[in-house]
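> Requesting a structural model of the entry that follows:
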Amino acid sequence: MTPSPPPFSGRISAARLADTLGDWRTGGPRSGGKDLADAIETRVRDGRLPPDTRLPSERELALALGVSRTMIGAALDHLRDTGLIASRQGAGSWTAAPPGARQSGPVLPGAFDLINLARASPPAAQGLEPAFDAAQRSMREALYDETYDDLGILPLRERVAARYTARGLPTEPSEIMITNGAHHAFALALHLLAGPGDRVLVEQPGYPHALGAVAAARAQPVPVPVDAFADRAWDIDGIEATLRQTSPRLAYLMVDFHNPTGRKLDAAGRERLGAVLAATRTYTVVDESAVDLDYGLAAGTPAPPPLAAYAPRWTITVGSPAKSHWGGLRIGWLRAPEELIGRLAGTRDSLDLGSPLFEQLWLCELLAEPEPVLQARRRELREQRDALAAALRSGLPDWSFRLPDGGLNLWCRLPAPVGPRLVAAAEQHGVLLVPGAHFGAQDRLERWLRLPFAQRPDRLRDAVDRIAAAWASLR
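Here you go, the predicted structure:
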């Protein structure tokens, strides 16, 4: 039966589709149709080509890609067979990825047991229950108090402020706002300080949800590189030049176990970068979501001060317990000058009126004596990091990565720009991955892959075995 065209969600031009596909050729001249089909399939599955997107004609696409219409037709025929594209004479073709459709071929044995490496979110840390029980008792007493506070309850703000002070950044509770997670805190700052068309400096590669928030605000990302392998991952001179040339309204940086590279900026680098931010008068959101996942702290190694210690007037520091304790605890905070806190509170009134009380009480209890839970978490993640690294060195020895001193991820460089094809092939073997392109503001990062180690060692070893089989199938 000939499919009826759906209400189209949009149309992608041939030029835009060609740009989205990037360097899609990975084989020889005879494999062009399959390479093109694989590239389109990956973009459909990772969301860059949403369902019900009308595609350009074969002629238009052939001209944009510089290939024959025969090759375009062969690729589209393959995609129709897999159900990812539907067509109707006179109506053209459109993406039609069915919900839950995963394969363009037979699923291999055991693939139904999916290992999800698309999300860097560890399960709940051990030892959260006593704080939960204490929060329940406090909640009973709080039922008769005021309903909410847009800045957050004072005891929690006092404990967050005390932690910053202990790390070398003197902080008062009036400089703290409790939010619904670190990402919510960044969204508030973005909403206040940048708007459509404004430039926002971001890292390349960078945190996908931050890049998505910049795009949703219709702001213009200005990427600066973070080098996964260099001795100095952040080029401070290059950042200064970019700031002076582009004058962004806001910057977003993650200098503690950067997502996805895992790199950390040392104290000397923070001092230099802080001086640059102050000199250029650049408001900067510093994401400290992974700051407590520092494996050196378990051995007594002192941590560098927060970046805000070197540019307190211009820095908004955000954090949360999502990585250190549990992702289901949707609470966080931001630290900023008191004047800026007042402006952020005014902005927040138009978006939400405060954070849930129970989660605040629970986090307050967790921060009363945080180190036992954090030390256990660090030991657990370090074991998982080492298990993943050993499995990769054994099963995929031609992949490159730098072992991070904390955080949740290995950022792997592939021997060839086949990341999108590998993501699709790995799914056939029961492993969900995220394409490197999700971490790029401009570069497609097709040679890169993020592998989180937030799972048991045996699951990570199993995942690498499956990825190695997928990698072999590409060859």
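
> Could you list the residues in contact with the host helix or strand of Gly212?
Element membership of Gly212, judged by DSSP states H and E, is helix 208-216. Helix 208-216 has contacts (CB atoms under 8 Å, 6 or more residues apart in numbering) with 183, 186-187, 190, 194, 200, 202, 221, 252, 287, 434, 438-441. Every residue, glycine included, has its C-beta placed from N, CA and C.

> Go through those and flag which are in strands.
Among the contacts of helix 208-216, DSSP state E puts 200, 202, 221, 252, 287 in strands.

> Where does the prediction get shaky in the stretch 251-400 of the chain?
Scanning the stretch 251-400 of the chain for pLDDT under 70 picks out 298-300.

> before we move on, back to that, tell me which of the contacts of helix 208-216 is nearest to Leu449?
Val434 (8.0 Å; CB to CB).

> Pull the number of nearby residues for the residue nearest to that closest one when sequence neighbours are not counted.
Closest residue in space to Val434, ignoring its immediate chain neighbours: Ala118 at 4.8 Å, by CB to CB, 6 or more residues apart in numbering. When neighbours are defined as other CB atoms under 10 Å, Ala118 has 18 of them.

> Ala118 contacts Leu432, doesn't it?
Yes. Counting by CB atoms under 8 Å, Ala118 does reach Leu432; the two are 4.4 Å apart.

> what's the helix ranked longest in the chain packed up against?
Ranked by residue count under DSSP state H, the longest helix found in the chain is helix 371-395. Applying 3 or more CB pairs under 8 Å, 6 or more residues apart in numbering; DSSP states H and E, one finds that helix 371-395 contacts strand 409-413, helix 457-474.

> Could you pull up the residues touching the closest residue to Gln204 other than its chain neighbours?
Spatial nearest neighbour of Gln204, excluding adjacent residues (CB to CB, 6+ apart): Pro223 at 3.6 Å. Counting by CB under 8 Å, 6+ apart, Pro223 touches 201-204, 206, 440-443.

> repeat that with 6 Å
Counting by CB atoms under 6 Å, 6 or more residues apart in numbering, Pro223 touches 202, 204, 441-442.

> Can you show me the helices along the stretch 51-200 of the chain?
Taking DSSP state H, counting those that start in this stretch as the test, the helices found in the stretch 51-200 of the chain are 58-65, 69-82, 129-142, 154-166, 182-193.

> is it possible to export those to JSON lines including mean pLDDT, mean neighbour count and distance to Pro305?
Formatted as JSON lines, these follow (pLDDT from 0 to 100; neighbours: other CB atoms under 10 Å; distance: least, CB to CB, whole Å):
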{"stretch": "helix 58-65", "mean pLDDT": "88", "mean neighbour count": "18", "distance to Pro305": "51"}
{"stretch": "helix 69-82", "mean pLDDT": "87", "mean neighbour count": "17", "distance to Pro305": "53"}
{"stretch": "helix 129-142", "mean pLDDT": "91", "mean neighbour count": "14", "distance to Pro305": "27"}
{"stretch": "helix 154-166", "mean pLDDT": "97", "mean neighbour count": "18", "distance to Pro305": "10"}
{"stretch": "helix 182-193", "mean pLDDT": "96", "mean neighbour count": "23", "distance to Pro305": "19"}
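
> gap between stretch 384-403 and the chain center?
21 Å (CA atoms, centre = their mean, to the nearest Å).

> List the buried residues for it?
For stretch 384-403, a neighbour-count test (16 or more other CB atoms under 10 Å) marks 384-385, 387-389, 391-392, 395-396, 399, 401-402 as buried.

> And stretch 236-247, by the same measure?
Quick answer for stretch 236-247 (16+ other CB under 10 Å): 236, 239-240, 242-243.

> just stretch 448-461 next, same as before
Buried residues in stretch 448-461 (16+ other CB under 10 Å): 448-455, 457, 459-461.

> name the element the nearest residue to Ala134 once chain neighbours are set aside belongs to?
Spatial nearest neighbour of Ala134, excluding adjacent residues (CB to CB, 6+ apart): Glu365 at 4.6 Å. According to DSSP H and E, Glu365 maps onto helix 357-366.

> Packing partners of that helix?
helix 129-142, helix 154-166 (3 or more CB pairs under 6 Å, 6 or more residues apart in numbering; DSSP states H and E).

> what number of residues lie near the closest residue to Glu203 other than its chain neighbours?
Distances taken as CB to CB, 6+ apart put Val226 closest to Glu203, at 4.8 Å, once the chain neighbours are dropped. Around Val226 there are 24 other residues, counting by other CB under 10 Å.

> Go ahead and confirm Val226 touches Ile236.
No. With contact defined as CB atoms under 6 Å, Val226 does not reach Ile236; the gap is 11.9 Å.

> circling back: just the buried residues of stretch 384-403 now: which is nearest Ala268?
Using CB to CB, those come closest to Ala268 at Arg402, 19.6 Å.

> can I assume the closest one sits in a strand?
No. Counting by DSSP: H, G, I helix; E, B strand; the rest coil, Arg402 is not part of a strand but coil.
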